[in-house]
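Participant: Below: sequence and its predicted model.
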Amino acid sequence: MRMTFRAFGFCLGLGLASAAAALETDPVQQHNSNAIWFENWIGLSNATLVVVAPNGRITSIQAASGTPVYELERGAVQDGTYRYELSAATSEREEIVNPADNGRGEPAASKAKSFTMTGSFTVSRGTIITPDILTED
């Protein structure tokens, strides 16, 4: 199949526009000395943030609207790497392929598309830090 340069450029432009649109909605992790949260919270709701401390303790924070915020507990902070998973519902809808009849009327035909993101942050001396970038001389 032969594709002209113009058609290729058009398809490439659509792909880049789609990638840019996806990047605009991704939340960005932010922090201060004792809490993490997310900015760029556009079109997301019903969020759950699950944080696993270095000792294995699991904390779950839910927020119906807006960003969930994880705060370090005073006196119970352990230094090390904390890992998290952020999940939320987007404003996009997706078809339910096999709707279930739960006896409560018409089964739903669509549901909110889900968003999931994982990451980590570091705590040193009881404070959330931004690790220094290591360079070799």
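Facilitator: Arrived safely, thanks for sending.
Participant: quick one, what contacts residue 87?
Facilitator: 47-48, 114-117 (CB atoms under 8 Å, 6 or more residues apart in numbering). C-beta coordinates here come from the backbone N, C-alpha and C atoms, glycine included.
Participant: in what helix or strand does the closest residue to residue 116 other than its chain neighbours lie?
Facilitator: Leaving aside its sequence neighbours, residue 116 sits nearest to residue 87 (CB to CB, 6 or more residues apart in numbering; 4.8 Å). Assigned by DSSP states H and E, residue 87 belongs to strand 80-95.
Participant: ok, that strand: who's next to it in the sheet?
Facilitator: strand 44-52 (antiparallel), strand 110-124 (antiparallel) (DSSP bridges).
Participant: Mean neighbour count, these: which tops it?
Facilitator: strand 44-52 (a mean of 18; mean count of other CB atoms under 10 Å).
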